[in-house]
Structure formats: C-alpha cells, structure tokens
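*Asks:* Just the structure for this:
(2 chains)
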Amino acid sequence: MRILVQKFGGTSVDSDEHRQMAATRVARAIQNGWSVVVVVSAIGRQGAPYATDTLVSTLKNVDPAVPPSSREMDLLMACGEIISTVVMAQTLRAMGFDTVALTGGQAGIATDYDFGNARILSIDPSYVVRMLEAGKLVLVAGFQGVTQHGAVTTLGRGGSDTTASALGAALKPYADEIGVEIYTDVDGVKTADPRLVSDARTLNCASYEEVAEMAHMGAKVVHPRAAEIANQYDLPLWVKSTFMEASGTLIAGRDTLPEEVRLRVTGVTHTGKIVYLRFDLPTGDEDDKAVIELAIYSMLQREKISLYLNSTSGGAFSFAIAREHLGRIRDLLDGLVVPIKMGGRRRPPFGRVYLLGLGLKQSGFEAQQKMLEDAASFVELHTVEAEVTENCTVVSVIASRFTGVPGVIALILDTLAKAKVPVFQTADSEFSISVLIPEGDAAKATLALHQVFGLKTAAVAA
Amino acid sequence: MTQSSGEMNSSDTGEMRRQAVHFEKERGVTEIRILRSVAHVAVNLEPTDIGSGRLKVLQSLAASSVPVFLVKLLPDGLSFAIRGESVDSCKTALEQTEVPFKLIPDLSVITTIAGAMRDLSGIMAAIYQTLNHAGIRVQQTGDAYNAVLCLVDGRLSDKAAQALRKKFSLDDSGEFEPVREAEVPGAGLKAL
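*Replies:* Numbering: from 1, shown residues only, chains lettered A, B, ... in the order given. Alright, predicted model coming up:
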C-alpha cells in the first residue's frame, strides 16, 4: 500500500471554492494510486466562525474575570478541527469518495496531559490502516489527541502539521511507500518572507534541519515539530500550494539532498516582537553577577517565561524575552532585591544588596530603595538599572554548517551597517546567525541580507 | 473506493496497543556535549567608533581565516570564541589591528541539547543552578532553538558535563560517562 498523508491548513478549507481545490489535490493523489489520509485544520483564521481563535474568544467572553479551565478550553478548541474535518469529508463524499472522518483520538493519537500544548506520546494507527485497507478515504482532525483517560487535548501551535507528520511516521511501517504533503497558501518554503522580499525564491528542496531552524526562527510554512518528527522517521515531507500548480519544496535528510544544498545559505527569516534587557553591575563583581543572574533566571523559570540571546561578560549580562512578557517581567524585576552574603564579617557592612530597577521607578521600587537606604549603614547598597530596549526583532540567516566560516558574521554586520540598521546583539548556532535589530528595520535588514547572499538567484555554497 | 464497516472489536484492541508507535521527542534535555580547547577573546574598542571597530576586528579575523563563534556585541567592544588551533592566528590578527584584547585559553563549550528549547522555560535557570552549585563559573553563554552553550574553564568541563547529565537524568548510574564531542564550528571551511 502506498500511503500519502495530505494536510490542509485553515486557508485551504475556508470556503467552498477552496475546499474544492483541496479536494482536487486529494482526488489526484488517489488517481495516482495513493491511499490517502487527509489531515484538516480548523476553518479559516481569526474572525471566521469556527476558527480556533473565535472559539476561544467565545469561551473567554462568558466572563472575562473567570478564566476557563485548560481542559475545557482544549475540548472546545478541538471542535474547530472536527467541524472542518467533517465538512471536508462531506465535500469529498459529494465527489463520490467513500470517506470516514476521525477525531485525533479515534485515529489513535495518545498524548500527555499538557492541555493546550500536549505532546504526542504514541499513535496506534491500526484503525486508520484498516480503513485504508478497506478502501476508505480517511480524514483526521488535526491539532488534537486524547489522554489515556479520554480527555481531549490540543497540540499547541502548528498542531495540524505535527498531526500529519506524526501520522506519517506511525503509518510508515504499513506502507510500501509513504509521503507527507503540507498544503498551504504559498508554493513551498521561501528564501524569505515574500511580504518583505518580493523576489524571494521557492526552494526546490531543503534539509529537515534547515526547515526546523527556519521555522524556529520565524518562517511560518511548516511547524518545527513536524520537521523534527519527519527527520526522526526519515519521512519525505513536501510543502505545496493548494491554489497553485507548482512542484513545491521537498524536505528530506541532508544526506539525500544534492551536494550543493548541504552547505549553503538557505534563507533569511525574521521573528517576533522582542525586548532586550541588559544589566550592568556598578561593582563589576562577577561572583555577584552570577548570583543575580541565577535569581532572575530562577524567577523566570517559575513564571514559565523563556529567554534567549543570552550574553554574559564581566559584570554585565543581558537576555531577550518576547514582548508579551514585558509587563510581567517589570512586575517581577522592578524593585527586586538580591542580597549577597559576605561571610565572617564582624563589622558592617555585613553584606551587599543589589536593588534592580527597570526604569519604572514605581512605588514598590521607591519603597524598597528607601528601606534599604535606611539600612545602608549595615549593608552595601547598589542599584542596578536595567537598560531595556523595546521594539526589537530577530533576523536570522539560516545557513547549514556555514556559521563558523570565517567572514560570515563580518559580512552580515557590514551589510547591515551599509543598510543603516543598528545591531544590538548577535547569536550564532550550528545552523544560523541571528541579529537583534529594531523591529522597524526588519524589512530593510531582511532584504539587504537576502541580496548579499545571492538568494534571489541561487543558493550560496561555500 | 469500496465500502467497509471497519468497526473495531475488542480482540483488536490488544493488538493495536502492541502496534502503537512511540515517537515524538520527550520534552527536555536529551544530550550534553563538550567542545574542548576553546579560547575566549574580549576586544576593547573606542566608544566613539564602536560599530566600525567591531567590523574591522571581524574582517581582520576573516582575512586571517580565523573562524569565530559565540560572537557577542558588548558596549565597549565585542567578544567571541575560537578554537585552540586558531589562537596564534587570532593574536596576530588582533595585534595587527592594534586593538587591546584579553584572551583566555583552555576553555570548553558545554552544550546542553533539548528539542524545542524555545517552547521550554527554565532550562537556562537549571543549567545556571547546576553549574553554580558545582562551583563552575560561566564565562559566556549562547543559545539556539535546541541548545544552550556555556563556556567554562576547560579543567572543569568534565565536572560540568557530569553535573548537567545528573541534573537532567541522562546518567541513571550517577557515574560519569564520556560525552559526545561537539562538532567544531566552521572546521575545514574556507573563508568568505
């Protein structure tokens, strides 16, 4: 049996016309001898009646003061995909196909209990396999699973991509040939966001690592979890357009791709609304800095706030957070007192105290400062005012094993300097080099880097 | 396509359980790697011309084919890491550029690998807590979507890796196991 998993995103199923176009893709695959499993996202995006965001708003608006339980939120959110799946099944049934529509749980997808961001623990594909063997066209609601006790869960961002990839992995042992196709409103993985770079090119092929890195760094075509699963199970993953006749992008193992693809600059991505915080200790004491860093990171850990672009040097350290967390960070850190023990002292000062400020000078901060100043004869008081840079974004050059090549970072900084884009910080990993820049310069920076690495015409190989 | 009832019966259930595929990565840390023989370089620059000064330094290193990583922009210059074998070339390049610099040799990069790091919170705190308790100072940090890098004293790299392996339950025996050596950034690649 040749099994093809085809996933259709929200914009592919948001109207009769689009559903017909999606159905045509399914029909063509069946004509070509594939046994097809269709994974469907919720209909449309924010504002559409059954879009996930609309359902969430409905629930939250019952009483904004009382947050819904995450368990029930998941139960509701999963309905968006179920409705969409049944409607798509009916569309295909009307075209003469013998369809069966399944929820994630009915398709055998078992998850943990992390409602809203559940992780797939296992997939039992045998029911799906039996349906396929019986000649049925199987449709599975994306983005969802079920716990071992039957509670419906959702898989978080990119959940339907994850469903498609995971189903592909689970069905692989039953297939003579397996493929996964992610259908969306663009014709494949682009070298840059086409809204910022009009001549961004569609990649013919890309490695799992490149796509995972691009997705993590802001490209929105495939969710990284889907790419990671495909990588783990060596699944050929295609990204194609529902609406255009184009070959799309093949995502596969690096070793199976052409030589020139294995070492190249793949694309330029941009991500997120970022805030950058820098703390510079007036004492310059590195041991004290380590204690303060730990205090802050532990606090952010408790609040489940992720931080990145970390840097530490001498008596200073810095990191970035998503802007959505800035309010909470200010609540937590403005006025935070970090005491440092000074052991064995018989005379004051008996210790050092650092008072952190985030430029707000709120009443809490002032009260803390007053109290500590009153105690200043017993302790050394140092105020650390953080430098807060708001309205930043991260632009990344995705480059397979290219990041340590002498001159790449220099070229990036030189290009941005010529484009008059200030760079606040850099970060480099095995697959990318990122720069933190003003949000308003994202388009200019992306365009300049896209141009300098020759991405318009062909991938740059070292 | 043909019709089929396709309903499950109870005897199928046991077989289905046996056929279940366990595959998505568990959350959390999966591996600790060490990259040995690394040096850290901090370059001080004139505050009046910091941008072009940084560029000049990086271009000079590129011209000498010195691969750099963990590059950080500092208010008074920049810092970066290099492999041990590039130390001499790096020193020569910086001396020619006539910038004051401080080079600390014999460091190691400890890389903590975790899938979808950005979806996780607290990895950095856990790493800092662990290294702090082990008495290991972090010279510099870096992060990627799936990794946190910590530059530490090379003499303490095995201790650091062992402490992190224990912290993240990668070594049930509690005994040290040799960890995988990290890939060398830019090794064998020509300069742009």
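*Asks:* Name every strand pairing with the top strand by length along chain A and say which way it goes.
*Replies:* The longest strand of chain A (DSSP state E) is strand A:264-280. Strand A:264-280 has the following strand partners under DSSP bridges: strand A:316-322 (antiparallel), strand A:387-399 (antiparallel), strand A:460-461 (antiparallel).
*Asks:* how far does the longest one sit from the chain's center?
*Replies:* On the basis of C-alpha atoms, centre = their mean, to the nearest Å, strand A:387-399 is displaced by 15 Å from the centre of the chain it belongs to.
*Asks:* in it, what's buried?
*Replies:* A:388, A:389, A:392, A:393, A:394, A:395, A:396, A:397, A:398, A:399 (16 or more other C-beta atoms under 10 Å in any protein chain shown). Every residue, glycine included, has its C-beta placed from N, CA and C.
*Asks:* For the fourth one, which non-adjacent residue is spatially closest?
*Replies:* Read that as residue A:393. Nearest residue to residue A:393, sequence neighbours excluded (C-beta to C-beta, 6 or more residues apart in numbering or on different chains): residue A:439, at 4.4 Å.
*Asks:* Run a quick neighbour tally on the one you found.
*Replies:* 15 (other C-beta atoms under 10 Å in any protein chain shown).
*Asks:* Now it: phi and psi?
*Replies:* phi -60, psi -40 (degrees, to the nearest 10).
*Asks:* low pLDDT regions in chain B?
*Replies:* Flagging of chain B using pLDDT under 70 yields the residue ranges B:1-27, B:115-121, B:171-192.
*Asks:* rerun that using 80 as the cut-off
*Replies:* By pLDDT under 80, the low-scoring segments of chain B are B:1-28, B:115-122, B:144-146, B:171-192.
*Asks:* what residue is smack in the middle of it?
*Replies:* Geometric centre of chain B, nearest residue: residue B:149, 2.9 Å, by C-alpha atoms, centre = their mean.
*Asks:* Quickly note the distance from it to chain A.
*Replies:* Distance, residue B:149 to chain A, using C-beta to the nearest C-beta, to the nearest Å: 8 Å.
*Asks:* Tell me which residues touch the residue nearest to residue A:393, please.
*Replies:* Residue A:439 makes contact with A:273, A:274, A:391, A:392, A:393, according to C-beta atoms under 8 Å, 6 or more residues apart in numbering or on different chains.
*Asks:* Downstream of the longest strand of chain A, the next helix or strand is which one?
*Replies:* Downstream of strand A:264-280, the next assigned helix or strand under DSSP states H and E is helix A:286-302.
*Asks:* circling back to that earlier point, among the buried residues of strand A:387-399, name the least confidently predicted one.
*Replies:* Among the buried residues of strand A:387-399, residue A:399 carries the lowest pLDDT, at 84.
*Asks:* burial count for the closest residue to that one other than its chain neighbours?
*Replies:* Of all residues not flanking residue A:399 in the chain, residue A:265 sits nearest, at 4.7 Å (C-beta to C-beta, 6+ apart). Residues lying near residue A:265 (other C-beta under 10 Å) number 25.
*Asks:* cool, and residue B:164?
*Replies:* Counted with other C-beta under 10 Å, the neighbours of residue B:164 add up to 25.
*Asks:* does any part of the helix or strand that contains it sit near chain A?
*Replies:* Using DSSP H and E, residue B:164 sits in helix B:157-167. No: residues of helix B:157-167 are not located near chain A by C-beta under 8 Å from any C-beta of the partner chain, the shortest gap being 13.2 Å.
*Asks:* and that helix, what does it pack onto?
*Replies:* Helices and strands touching helix B:157-167, by 3 or more C-beta pairs under 8 Å, 6 or more residues apart in numbering or on different chains; DSSP states H and E, are strand B:29-44, strand B:101-114, helix B:123-133.
*Asks:* Wasn't residue A:113 part of a strand?
*Replies:* No: going by DSSP: H, G, I helix; E, B strand; the rest coil, the assignment for residue A:113 is coil, not a strand.
*Asks:* TSV please, covering the helices and strands packed on helix B:157-167 and showing distance to residue A:249 and mean neighbour count.
*Replies:* What follows is these, written out as TSV (distance: least, C-beta to C-beta, whole Å; neighbours: other C-beta atoms under 10 Å in any protein chain shown):
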stretch	distance to residue A:249	mean neighbour count
strand B:29-44	27	20
strand B:101-114	26	20
helix B:123-133	31	20
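*Asks:* Let me have those in JSON lines, extended by distance to chain A.
*Replies:* Converted to JSON lines, the helices and strands packed on helix B:157-167 look like this (distance: least, C-beta to the nearest C-beta, whole Å):
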{"stretch": "strand B:29-44", "distance to chain A": "7"}
{"stretch": "strand B:101-114", "distance to chain A": "9"}
{"stretch": "helix B:123-133", "distance to chain A": "4"}
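*Asks:* So residue B:123 sits against residue B:148, correct?
*Replies:* Yes: contact criterion C-beta atoms under 8 Å: residue B:123 and residue B:148 qualify, at 5.9 Å.
*Asks:* How many residues are close by the residue in the stretch 101-250 of chain A that chain B sits nearest to?
*Replies:* In the stretch 101-250 of chain A, the residue that lies nearest chain B is residue A:134 (3.0 Å; C-beta to the nearest C-beta). Applying other C-beta under 10 Å, we find 16 residues neighbouring residue A:134.
*Asks:* Look at it and report its pLDDT.
*Replies:* According to the prediction, residue A:134 has pLDDT 96.
*Asks:* Phi and psi next, for it.
*Replies:* phi -80, psi 0.
*Asks:* Report the next helix or strand after the longest helix along chain B in sequence order.
*Replies:* When chain B is parsed with DSSP state H, its longest helix is helix B:50-63. Downstream of helix B:50-63, the next assigned helix or strand under DSSP H and E is strand B:69-74.
*Asks:* Kindly check the end-to-end length of stretch A:275-288 for me.
*Replies:* Criterion C-alpha to C-alpha, to the nearest Å; first-to-last residue distance in stretch A:275-288 is 24 Å.
*Asks:* okay, and the helix or strand of chain A with the least pLDDT?
*Replies:* Sorting the helices and strands of chain A by mean pLDDT, DSSP states H and E puts strand A:460-461 at the bottom, at a mean of 44.
*Asks:* Show me what residue A:249 is bridged to.
*Replies:* residue A:239.
*Asks:* Provide the count of other residues in contact range of it.
*Replies:* Neighbour number of residue A:249 under other C-beta under 10 Å is 24.
*Asks:* returning to what we had before: can you tell me which of the contacts of residue A:439 lies closest to chain B?
*Replies:* residue A:274 (12.0 Å).
*Asks:* residue ranges of the helices in chain A, please?
*Replies:* Going by DSSP H, chain A shows helices at A:16-31, A:52-60, A:70-94, A:126-133, A:159-171, A:208-216, A:224-233, A:259-262, A:286-302, A:326-333, A:363-374, A:408-418, A:442-452.
*Asks:* so which of the ones you listed is the most packed in?
*Replies:* Counting by mean count of other C-beta atoms under 10 Å in any protein chain shown, helix A:159-171 has the highest mean neighbour count of those, with a mean of 29.
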